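Peer 1: Here's a sequence, model it:
(one chain, ligands or ions: 2)
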Amino acid sequence: MTEKVAICLVGPKKGGKSSLLASLTDCVAQSAFGYSPRLRPALQPITRAEFSAEPSEARKADLLSIEQGDYERMKRDFAEGGVATDTLDTYEYYFRLSVNGEAPPEVVTRGPWLLEVIDSAGEIAVPPDGAEVPILNDVKAKLARQMLDSEALVLVLPMVRLEDSAWTGTLARLLDRLALSRDRKLKRVVVAFSQYERLFIRLGPSAFTYACDPAVALHVLKKSLRAAQWLDRLRALEPAVSVRFTVCSAYGFTKRFQNANMDPHQPGERRFRRASLEGARAYSEYWRPFLTAEPMLYAALGLDSAFTFSYAQLDARAKESAASSILA
Ligand SMILES: Nc1nc2c(ncn2[C@@H]2O[C@H](COP(=O)(O)OP(=O)(O)OP(=O)(O)O)[C@@H](O)[C@H]2O)c(=O)[nH]1
Ligand SMILES: [Mg+2]
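Peer 2: Ligands and ions are numbered 1, 2, ... in the order given. Here you go, the predicted structure:
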């Protein structure tokens, strides 16, 4: 049965929300994610009319729709270096998601899913601390409503030292208000650290090998979150809301965006292989972008990949290293 899921992207200006969304369908199409390639998810942009129509009406809506491809425009903007989302409105994008391969029974027996993903300028929900950013009240009210009506939030944060960031206070307050609000529908929150490839640019051909190791991602997440004051606010949402942490890069590890970490031994675009995955498909993927499917697939399905981590996973590692330091 078709299910509708609303997902709201939230995060500071220049955090990478629009880029994450723009690279999403390519990431899914190229299986550039940490899910098993046997999951075989498919994600295609659809029009608002298709999203709104009853299932039997969907084909008709398809035919009648003359909507200009908003999502195509977003992809183009991204490919040309990115455009800051304006503060005049919030923007909805629609997708049809299906899972065509092996998945846990609670997932395969459901779907397809119709997703509404809401993008907006970072300054509306997470302005810099103390800054007076003029935003129309109507737009603020619309986004607030959309956040409360969403089943999932994807929090996109740039992978920088969080204690240096000017927006951590507003983010903490936003999470507080969300925790207190009674009429929220929220079931899942994914915290996605964007621009992950930037950590590896000095590693040359090893960059991709390290990036593909979930243990490296877990380690990086733990370090990044150590100073995050908003982390406890997020934890307060549990257990009603399940929270996951992940990393991603809309740019990925290819030359297209002038990344320095392309394999220097290969001319042109090189195909990568993720270690520890057998099977022919895994050998032939481009890996561009990198893991940007994770936040949205978890938000929509509640399905974990090798790169989505729970509080328990983050904590378990903390205990292990505490124990090993006692023995050291
Ligand atoms: N290195 C690197 N830069 C990225 C990546 N993704 C996005 N960027 C750049 O980061 C900047 C901000 O990205 P956006 O996607 O526009 O960020 P946003 O959160 O939508 O920002 P607002 O719309 O202003 O709230 C742009 O200049 C992007 O080109 C990435 O994976 N790696
Ligand atoms: Mg944007």
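
Peer 1: what about the helices in the protein?
Peer 2: In the chain, the helices defined using DSSP state H lie at 17-29, 48-52, 58-64, 70-79, 105-108, 122-125, 137-149, 168-180, 206-211, 214-225, 231-235, 280-283, 293-301, 311-327.

Peer 1: can you tell me the residue of the stretch 51-200 of the chain closest to ligand 2?
Peer 2: For the stretch 51-200 of the chain, the nearest residue to ligand 2 under the criterion Cβ to the ion is residue 85, separated by 3.2 Å. Using the backbone N, CA and C atoms, a C-beta is placed for each residue, glycine as well.

Peer 1: That residue reaches residue 124, doesn't it?
Peer 2: No. The criterion here is Cβ atoms under 8 Å, and residue 85 misses it with residue 124 at 9.0 Å.

Peer 1: hang on, the earlier thing: what's near enough to touch the nearest residue to the residue of the stretch 51-200 of the chain closest to ligand 2 once chain neighbours are set aside?
Peer 2: Nearest non-adjacent residue to residue 85, counting by Cβ to Cβ, 6 or more residues apart in numbering: residue 121, 4.4 Å away. By Cβ atoms under 8 Å, 6 or more residues apart in numbering, the contact set of residue 121 is 13, 84-87.

Peer 1: For the protein, give me the ranges with low pLDDT.
Peer 2: For the chain, the stretches flagged by pLDDT under 70 are 54-68, 161-164, 204-205, 254-287, 317-328.

Peer 1: Go ahead and flag the most central residue of it.
Peer 2: residue 295 (3.2 Å; Cα atoms, centre = their mean).

Peer 1: before we move on, the earlier item: output the contacts of residue 121 in TSV; the columns should cover neighbour count.
Peer 2: Shown next, in TSV, are these (neighbours: other Cβ atoms under 10 Å):
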residue	neighbour count
13	19
84	12
85	22
86	11
87	19
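
Peer 1: Would you point out the most distant pair within those?
Peer 2: 13 and 86 (11.4 Å; Cβ to Cβ).

Peer 1: So which bits of the protein are right by ligand 2?
Peer 2: 17-18, 85 (Cβ under 5 Å from the ion).

Peer 1: filter those residues down to the ones close to ligand 1.
Peer 2: Among the residues of the chain next to ligand 2, the ones lying near ligand 1 by Cβ under 6 Å from any ligand atom are 17-18, 85.

Peer 1: What is the nearest of those residues to residue 216?
Peer 2: For these, the nearest to residue 216 is residue 17 (24.0 Å; Cβ to Cβ).

Peer 1: Just give me the neighbour total for the closest one.
Peer 2: Neighbour count of residue 17, defined by other Cβ atoms under 10 Å: 28.

Peer 1: Likewise for residue 135?
Peer 2: 17.

Peer 1: Check residue 290 too.
Peer 2: 28.

Peer 1: Test my guess that it contacts residue 217.
Peer 2: No. Under the criterion of Cβ under 8 Å, residue 290 is not in contact with residue 217, lying 10.7 Å apart.

Peer 1: Give me the common contacts of the two.
Peer 2: Taking Cβ under 8 Å, 6+ apart as the criterion, residue 290 and residue 217 both touch 196, 211.

Peer 1: I'd like to know how far the residue of the stretch 51-200 of the chain closest to ligand 2 sits from residue 159.
Peer 2: 20 Å (Cβ to Cβ, to the nearest Å).

Peer 1: and if you look at residue 167?
Peer 2: Distance from residue 167 to residue 159, by Cβ to Cβ: 14 Å.

Peer 1: near ligand 1, which residues of the stretch 101-250 of the chain?
Peer 2: Going by Cβ under 6 Å from any ligand atom, the residues of the stretch 101-250 of the chain near ligand 1 are 121-122, 156, 194-195, 197-198, 249-250.
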